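Asks: Sharing a model that was predicted from the sequence below.
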Amino acid sequence: MQVVDRKKLDIFIESHALERVEEMLGRAGFKGWSVFEGVEGSGAHGAWRQTGIGESGACLVVTIGGDEASEKALEWLSDYFKTYPGVVSVSDVSVMRGERF
């Protein structure tokens, strides 16, 4: 079994930002990502829960890519998070079928 090293980004954003973040990921060089809807959690401002009424919601975007794509994305996200809320975590991962990432 052959595995290759990549970076995994977990990007937690408000749903109104999803389209902009997805466009940026494509430009940065990521080949794909998955989006999960957040419905409840807790953070710096305490617990929160989606009621589905008049809310923009939250999303978790998970993507895996190479160092160059990750660096480009993190630079963009660093600027974005100066104005808008969000959190990103970066992990070193090993993946099979590295050509897909």
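Replies: All right, it came through fine. Since we're looking at a predicted model, the values are computed, not measured.
Asks: Can you check which helix is longest in the chain?
Replies: helix 67-80 (DSSP state H).
Asks: next SSE after it?
Replies: Remark: after helix 67-80, the chain's next helix or strand is strand 86-96, criterion DSSP states H and E.
Asks: Now do the longest helix of the chain: which elements does it pack against?
Replies: Applying 3 or more CB pairs under 8 Å, 6 or more residues apart in numbering; DSSP states H and E, we find helix 67-80 packed against strand 3-14, helix 18-28, strand 86-96. For every residue, glycine as well, the C-beta is placed using N, CA and C.
Asks: Against Met1, how distant is the closest residue in space to Ile11 that isn't next to it in sequence?
Replies: Nearest in space to Ile11, with sequence neighbours left out and distances taken as CB to CB, 6 or more residues apart in numbering, is Val61 at 4.3 Å. Relative to Met1, Val61 is positioned 28 Å away (CB to CB, to the nearest Å).
Asks: Neighbour count: these two, which is higher?
Replies: Val61 (21 against 3; other CB atoms under 10 Å).
Asks: residues contacting the more buried one?
Replies: Applying CB atoms under 8 Å, 6 or more residues apart in numbering to Val61 gives the contacts 9-13, 18, 21-22, 25, 33-36.
Asks: swap the cut-off to 7 Å and go again
Replies: Ile11, Ile13, Val21, Trp33, Val35 (CB atoms under 7 Å, 6 or more residues apart in numbering).
Asks: which secondary structure element contains it?
Replies: Here Val61 is assigned to strand 58-65, by DSSP H and E.
Asks: Cool, thanks, talk later.
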